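Chemist: Any chance you could fold what I've pasted below:
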Amino acid sequence: MAQTTMDLVQAAKANISEVTARQAKSLFEQGTLPLDVRESAEFATDHIPNARHISRGMLEFQIATHPDFQDKDASIVVYCKSGGRSALATQTLQQLGYTNVQSLQGGYDTWAQATPV
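Modeler: Numbering: from 1, shown residues only. As a prediction, this is how the structure comes out:
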């Protein structure tokens, strides 16, 4: 039986770590890199301060040459709009050898609600 997109997301979430918006804020204050995997237009509209952007569709092709992601042990929090793409991206980064990567639970939507401007 074929899997649905949500099946893939749930399987990824079983293999990764997620952090809340509050935990992510604390991690960012300690130097963790925010990685936005949304599309360029979404990133341009708004994003977490100091976030680096690589869209989910280009992640595997661009992460290795991005200057901010050369250290595979660096702390990274990945986020998207609501947490699905970031869960898949976090799993991919783990498969590529990144050892300290987490997904933002609920994505940017949750971040925006938890940390009003």
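Chemist: ok, and for the biggest helix by length in the chain, which residues are buried?
Modeler: Within the chain, and with DSSP state H defining each element, the longest helix by residue count is helix 84-95. Of the residues in helix 84-95, those scored as buried under the neighbour-count criterion (16 or more other CB atoms under 10 Å) are 84-94. C-beta: built from backbone N, CA, C; applies to glycine.
Chemist: who does that helix touch, helix- and strand-wise?
Modeler: Helix 84-95 makes packing contacts with helix 5-13, helix 59-62, strand 76-79, strand 101-104, helix 107-114 when contacts are defined by 3 or more CB pairs under 8 Å, 6 or more residues apart in numbering; DSSP states H and E.
Chemist: With residue 47 as the reference, name the closest of these.
Modeler: Smallest distance to residue 47 across the helices and strands packed on helix 84-95 (CB to CB): 7.3 Å, for helix 107-114.
Chemist: Give the buried residues for that closest one.
Modeler: When burial is assessed from 16+ other CB under 10 Å, helix 107-114 yields the following buried residues: 107-108, 110-111.
Chemist: what does stretch 99-106 give?
Modeler: 100-106.
Chemist: quick check, nearest of these to residue 56?
Modeler: Comparing those against residue 56 with CB to CB places residue 103 closest, at 11.9 Å.
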